[in-house]
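Student: starting from these lines, generate the structure:
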Amino acid sequence: MSERDVRIAYFDCPSGISGDMCLGAIVDSGVPVQEIARELKRLGIKGYDLKSRKVSRSGITAVKVDVVVERSKTGSRKLEGRTWKDITRIIDKSSLPSHIKRTGASVFQRLFAAEGKVHGKPYDKTHLHELGALDCLVDVFGTLIGLDLLSVDKVCSSPLNLGSGSVETAHGRLPVPAPATAEILKGVPVYSSDIPFELTTPTGAALIRELAGNFTTLPMMKIDRICYGAGQKDIPASPNVIRLFVGQAVSSTGSTTMPKVTVIETNIDDMNPQAYEYLMKLLFSAGALDVCLAPVIMKKGRPGVVVTVLCSGDRKADIVGVLFRETTTLGVRFYEASRAVLDREIKKVETPFGKVRTKIAKAGGGMFKSFPEYEDCKRIAKKHGVPLLEVMGLVTKIVSRVR
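Tutor: Next up is the predicted model:
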């Protein structure tokens, strides 16, 4: 699938994010709440009803979705806590598609891991209260089902507004963001407004942390739908809604403008050069998109190296951690940058020496580029005693003839 065929869902979160806000935005996009409810029956949980209604939040019309939980004989809502084992049993027994089951399990694992770390317990020994209730299960899997019905391939998000103040939980009154929310959102761009409410909930944080590949400004896309999901409170002078953009990625002359990336740099002049190879491997393992080293002359005429790392915004904290831990640097700098890349794919090309993986990039106006996989060419060169450049040149000629 080329980038131009990708269907994008972009969550704009000026008032934070919660599970019911996500679900409301999806229903506002045109996905019938009855269809989501029908698919949710495959999860095998009972004791609730799914309702949707139009509401106004500071003048913005949005959809509010409510999970109406049955009341017990005593009149209380059935909000039972659940363990990791309980949740995985529900997911495993469900008849939902395997990709939805996997993603849903990952969302809940983030929730359990965060709660476990906050309370000093392993995630599989943690007992959730509000987050283990029917509301959370329906919000998470309803959102995943809705995105699937919208045929979404890629999810992006804006930075998240956390709100301020405090929130009542089963553990008492806690500061905003709640400890579990803060734990989940490590490495994600967030900010706190002066709105005295919890705007980003643990469920919303875990959902978007699992789904979003980037936390950035609106990516280049052809918008098909603009949808609004309402939060519980109507906050004066600040629409308590999440805005969802759904559409197709677009390209210009065959190139696709990508979401912004983070550039991280540091200058080093006092480290054993043998350590750089190991450093680069660690940076790539931490999520770097690219790493390069450039020689420079630093103060007092000392030769040094500029380490430059390209990564997505949500990996910045991990990359900075590696640089501080594995190098002698005392500080790093970072900034956001935009980039454009050509659509590319990997093809196996048949040669007299066997198949060779080749990266092929195409653009408008007939532009065509091919790059034989170095490791494949090196393996062939060693095996057959043929110069490496000769192997690479042969592969390039074959690709140009069959394109």
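Student: okay, buried residues for stretch 31-43 please.
Tutor: 31, 33, 36-37, 39-40, 43 (16 or more other C-beta atoms under 10 Å). Where C-beta positions appear, they are placed from N, C-alpha and C, glycine not excepted.
Student: assumed Phe245 was part of a strand.
Tutor: Yes - applying DSSP: H, G, I helix; E, B strand; the rest coil, one finds Phe245 inside a strand.
Student: tell me the bridge partners for the nearest residue to it once chain neighbours are set aside.
Tutor: Excluding the flanking residues, the one nearest Phe245 by C-beta to C-beta, 6 or more residues apart in numbering is Tyr10, at 4.2 Å. Bridge pairing for Tyr10 (DSSP bridges) gives the partners Cys156, Phe245.
Student: which residue ranges of the stretch 301-403 of the chain form strands?
Tutor: 303-311, 333-351, 354-362, 368-372 (DSSP state E, counting those that start in this stretch).
Student: the second one vs strand 354-362, what angle?
Tutor: Right, the one you point to is strand 333-351. 130 degrees (axes from the mean of the first three to the mean of the last three C-alpha atoms, to 10 degrees).
Student: so who does Gly213 touch?
Tutor: By C-beta atoms under 8 Å, 6 or more residues apart in numbering, the contact set of Gly213 is 154-156, 259, 312.
Student: one step back: wait, the residue nearest to Phe245 sits on Met220?
Tutor: No - the criterion here is C-beta atoms under 8 Å, and Tyr10 misses it with Met220 at 10.7 Å.
Student: okay, the two: which has more neighbours?
Tutor: More neighbours surround Tyr10 than the other of Tyr10 and Met220, with 24 against 16 (other C-beta atoms under 10 Å).
Student: please report how far that one lies from Asp343.
Tutor: 20 Å (C-beta to C-beta, to the nearest Å).
Student: check Lys41 too.
Tutor: In terms of C-beta to C-beta, Lys41 sits 40 Å off from Asp343.
Student: tell me the phi and psi of Thr217?
Tutor: Torsion angles at Thr217 (phi, psi; degrees, to the nearest 10) stand at phi -80, psi 170.
Student: list the contacts of the nearest residue to it once chain neighbours are set aside.
Tutor: Once flanking residues are discounted, Thr217 sits nearest to Lys260: 6.5 Å by C-beta to C-beta, 6+ apart. Residues in contact with Lys260 (C-beta under 8 Å, 6+ apart) are 214, 216-217, 313, 336-338.
Student: for ChimeraX, write a command that selects the buried ones of those.
Tutor: Here is the ChimeraX command that selects the buried residues among these (16+ other C-beta under 10 Å):
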select :214,216,313
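Student: quick one, which of the contacts of Lys260 has the minimum pLDDT?
Tutor: Ranked by pLDDT, the contacts of Lys260 bottom out at Ser338 (78).
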